[in-house]
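# here is a sequence with its predicted model. Questions after.
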Amino acid sequence: MADKKLQIALYWGAACGGCDVAVLDTNEFILDVAAVADIRLWPIAADGKYKDIEAMADGELDLAIFNGGVRNSENEHIAHLLRQKSKLLVAFGSCAYMGGIPGLANLTSREKILETAYRRNPSIEWGNRVVPQPETKLNGKELEIPKFYRRVYKLDQVVDVDYYIPGCPPQPDRVRETLLAIVKGELPPKGSVVGAFDHALCEDCPRTKNEKKVKKFYRPWEIKADPDTCLLEQGVLCCGVATRSGCGVRCPTSGIPCRGCYGPPPGVTDQGAKLASAVASIVDSKDPNEIEEILAGLPDFTSFAYRYGVAASLLQRSYRQ
Amino acid sequence: MTKTIVIDPITRLEGHGKISIFLDDQGAVEDCYFQIPEFRGFEQFVVGRPLEELPRIVTRICGVCPASHHMASAKAVDACFGNEVAPVAHKLRDMYYNAHYIHSHTAHFYALAAPDFVMGPDADPAVRNILGVVGKVGLEIGGKVIRCRGLAQEIQRVIGGRNTQDIWCLPGGVAKPLKPEELEQIKPWVEELYDFTVFSLQLFADVVLNNPQYVELILRGPYTLDVHSMGLVDDNNAPNFYHGKVRVVDYEGNEIHKYEPKDYAEYVAEHVEPWSYLKFPFLKKRGWKGFVEGIDTSIYCATPLARLNVADRMATPRAQEAFEQMYATLGGHPSRALLAQHWARLIEMVQNAETLKAYCADPEITSDQVRVIPRTITGEGVGIVEAMRGTLTHHYTCDEQGICTSANLIVGTTNNNAPIHMVTKKVAQALIKPGVEPDQGLLNMIEMAFRAFDPCYSCATHSLGKMPLEVIIYRGGELVKTIKRNC
Amino acid sequence: MSYEPKIVGFLCNWCSYTGADLAGTSRVHYAPNIRIIRVMCSARIDPTFVLKALREGADGVLICGCHPGDCHYSEGNYKMMRRYPLLKKMLTDFGIEPARVRLEWVSASEGQRFAEVVNDMTQRVRELGPSPIQQTLAQDMAER
Ligand code: SF4
Ligand code: SF4
Ligand code: SF4
Ligand code: FES
């Protein structure tokens, strides 16, 4: 690749913008990338025209970095287009990798979401019955907006993906290392998670760990937890046990439990199932009723188990009628 | 950054912002629609979550201003838990939030707004970007901008453990105190930021105010709307970003409303149109009257200028000086000159830096009593902060376990949805006349209006800063052309 | 075509599998809907297995281990006992009827009981109808 500059595009689907800010936060490094690569599209910081992308030959891009999940017809269209034009497609950030926080929507339904936002909220105009529609006819004119899908998809549920960079957002140091590896062509096998480590967060957590035995769980606000001891040991649900390391242990070192944004550790298929078995193993009781009681201290466990990954879980979505 | 103008058939490719203009048979503008295609639905999927998790979930509405959502959410959650909050936690949150403001305002002013002014609105688009600005003002200043934005981010990280996607607020306070050694680390940064904000104000004066052409554009250009202003103020009616009451003032300077966050639903309501995913807030007591200007309208703006319009004064001395100077130049307070947003933004930044300085000197700020354990669950709470792009309201209800049962969010940019829709139509009507072929100049004009609002549709649709834009023009029901830009 | 539920049974080697074996050798009749997978101990049954079985088309999952106190590895079944409430909770949140997954202690001598458990579960899952998972996921993709 030495003689020709790499051709790169960055784009977003159903994203919050934080992933782009994470790339910006690599500061001067962006200039190094720009020295060896042409950034053909990056809406937040550089010029580039969609029509240029459409006009490209298939495979003309070396690398497309996609952040955000797939929530509507437009997100999907862009995902397909970038896949077609790029040799490598990277799912960047938890949303593209696992559906992300917007994927929590998969625990409810499209109908409920629309109903709540446009009809039921207390500030909605009195008597309103209107809900936005993909197509509106108004005095003979047609207005279109994208179709809001039934659920959120992670990127590889709609197109083939080469690599995954976890994190919400990925930490700038990891982003730097990973882009460097890509630029140098030092890539692991297709389908690998890159930009993170190959062990669980707990291994890097500086809090002291003893034997974990819990009789009562606490919600983070119910207790002033000791700042130097493992949170889970103190009965505060921390997802570090079921999470891949890579973030620099941001949350537990700031007095806050991990919520799993780096996704499951290597070899784990389903992050939530892993968390369930880890949490179950520390419950200090052999009596079924007492066990139930202790576990009742963890309301809404499912949203912790899959905070960033409902779309990536084995079950993917709710089946409630 | 603002230049891709292509004429293309419509595809579903971009969006995040789409303007459909309908011409009559004579070629005059009959109708114009500003549409937002994105929607994610946070209000429903936070239901069922334990309340204390909300401040770290809702930040994903927007990664550009996550701290605004974090703070509004934390305040709503505090209220649901009886509003007992460690006093120093409020100070720390306010300190953190002022640093966040400097980060966001710096990014907006230098990367998005400055290119137009420093390079000139008619400069070659290839240099009308931040790199052009750096080229013109010099690497030294460019380096200063990058460094100071970075410092503002770093201050948040030191105080709260993370910058983008904040984690730090808990019901009753914050998760970690500010250690004395951390304060010492921050102090010189704050001094540097203060100098930087004063420098930025001077830069604006040198480049813009010394140029009669720009002043003319700001004062008498087509960029005014006769609508009202909204913003958060403290007890002295000075702007406050974290705490206070919401004040609404008409464009002649009369107070229309002043309300406590908890009462928001009596004052603000949202109108829905089938052709946009974004709702249109309006002043409820006046009722929805359509997209109209005038002293009786129910439409308002919530922007940096709006915040200074509703304020009687600034909260800090250097900012106050700048405030007086601005309104003297604009010909009085309040002002409808939409392009003065950029100036107002810089004045806010000075207040942010002065506020940070005051906190650094506060002996209580390193107290370790940063959290109280809540004892009651009230079942309902509203939290309002000023996001950079407008008044941000989070309203939650919960059950007796503190599990969220409903959420209503009125997000910064959303407040400005109607004014943006209106200004678009106004510009289109001013420019497209029978016999005149609509072209790229149109797009530029529209863009300048948008940029003043700094619309952020990450937030509003629960995507990013500079919005991709597509203008579609129909004549007699037939598509005649599409003008687009993607960033 | 009438619906016949597919049930996957994870049975621990030492008690429950032997119990099922006894049911077989004693010619106790039980519903043919169950496909049995033998594991060394109920502790080996990771919640992932259960979710995977459902995802791959099982209408129900039966988990059997030694009675509390009798686990061959002494404490394995307590692990399963603690996972079970969380597993049920997760299934409920995903809108899957928790009755599709059932935990039973079956000793080596309880061949008769094993047959009753299988019959009863088959009946219940039959009443619940086919698992919605595969069909819903296919529909999502078809209609978005
Ligand atoms: S992964 Fe996180 S930071 Fe990135 S787009 Fe999704 S929510 Fe935003
Ligand atoms: S469970 Fe959390 S606090 Fe405990 S060691 Fe793991 S990451 Fe650290
Ligand atoms: S500690 Fe957990 S939730 Fe926090 S940044 Fe790291 S992986 Fe993400
Ligand atoms: S060996 Fe049967 S449950 Fe452990």
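Looks like it came in fine. None of these values were measured; they are calculated from a predicted model. Ligands and ions are numbered 1, 2, ... in the order given.
# now for the residue nearest the centre of chain C: which residues touch it?
Centroid check for chain C by CA atoms, centre = their mean gives C:Leu62 as the closest residue, at 1.2 Å. Counting by CB atoms under 8 Å, 6 or more residues apart in numbering or on different chains, C:Leu62 touches C:7-10, C:34, C:101-102, C:104, C:117-118, C:121. Where C-beta positions appear, they are placed from N, C-alpha and C, glycine not excepted.
# same check on B:Pro374?
Contacts for B:Pro374 (CB under 8 Å, 6+ apart) come out as A:221, B:81-82, B:84, B:171-172.
# what helix or strand is the residue nearest to the centre of chain C on?
In this assignment (DSSP states H and E), C:Leu62 forms part of strand C:60-65.
# helices along chain C, start to end?
For chain C, helices defined by DSSP state H occupy the ranges C:16-25, C:47-55, C:76-93, C:111-128, C:133-143.
# turn the ones you listed into JSON lines, including mean neighbour count.
Below are the helices of chain C laid out as JSON lines (neighbours: other CB atoms under 10 Å in any protein chain shown):
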{"stretch": "helix C:16-25", "mean neighbour count": "21"}
{"stretch": "helix C:47-55", "mean neighbour count": "22"}
{"stretch": "helix C:76-93", "mean neighbour count": "23"}
{"stretch": "helix C:111-128", "mean neighbour count": "19"}
{"stretch": "helix C:133-143", "mean neighbour count": "13"}
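# you'd agree B:Val382 is in a strand?
Yes - assigned with DSSP: H, G, I helix; E, B strand; the rest coil, B:Val382 falls within a strand.
# neighbours around it, how many?
B:Val382: 20 surrounding residues under other CB atoms under 10 Å in any protein chain shown.
# for it, which residues make a bridge with it?
Here B:Val382 sits in beta bridges with B:His395, going by DSSP bridges.
# so how far is B:Gly412 from it?
16 Å (CB to CB, to the nearest Å).
# what parts of chain A come near ligand 2?
Remark: the part of chain A in contact with ligand 2 comprises A:201-202, A:205, A:207, A:209, A:230-232, A:238, A:240-241, A:252, A:258, using CB under 6 Å from any ligand atom.
# and these, which two are furthest apart?
A:Lys209 and A:Cys258 (13.9 Å; CB to CB).
# quick one: contacts for A:Asn75?
Residues near A:Asn75 by CB under 8 Å, 6+ apart: A:13-14, A:68-69, A:146.
# and if you look at A:Ile113?
A:105, B:41, B:43-45.
# can you tell me the residue of chain C closest to chain A?
Residue nearest to chain A within chain C (CB to the nearest CB): C:Gly95, separated by 3.1 Å.
# contacting residues for that residue?
Shown in contact with C:Gly95 (CB under 8 Å, 6+ apart): A:318-321.
# please tell me how far it sits from B:His90.
C:Gly95 sits 41 Å away from B:His90 when distances are taken as CB to CB.
# can you list the weak-confidence ranges in the chain?
Defaulting to chain A. Residues of chain A meeting the criterion pLDDT under 70: A:1-3, A:31, A:43-51.
# meant chain B actually
Chain B contains residues with pLDDT under 70 at B:1-17, B:112-135, B:221-222, B:435-445, B:447-448, B:450-452, B:454-487.
# point out the residues in it that sit beside ligand 1.
Going by CB under 6 Å from any ligand atom, the residues of chain B near ligand 1 are B:60, B:63, B:165.
# ok, now how distant is the most centrally placed residue in chain A from B:Gln401?
Geometric centre of chain A, nearest residue: A:Ser94, 1.7 Å, by CA atoms, centre = their mean. For A:Ser94, the distance to B:Gln401 (CB to CB) stands at 28 Å.
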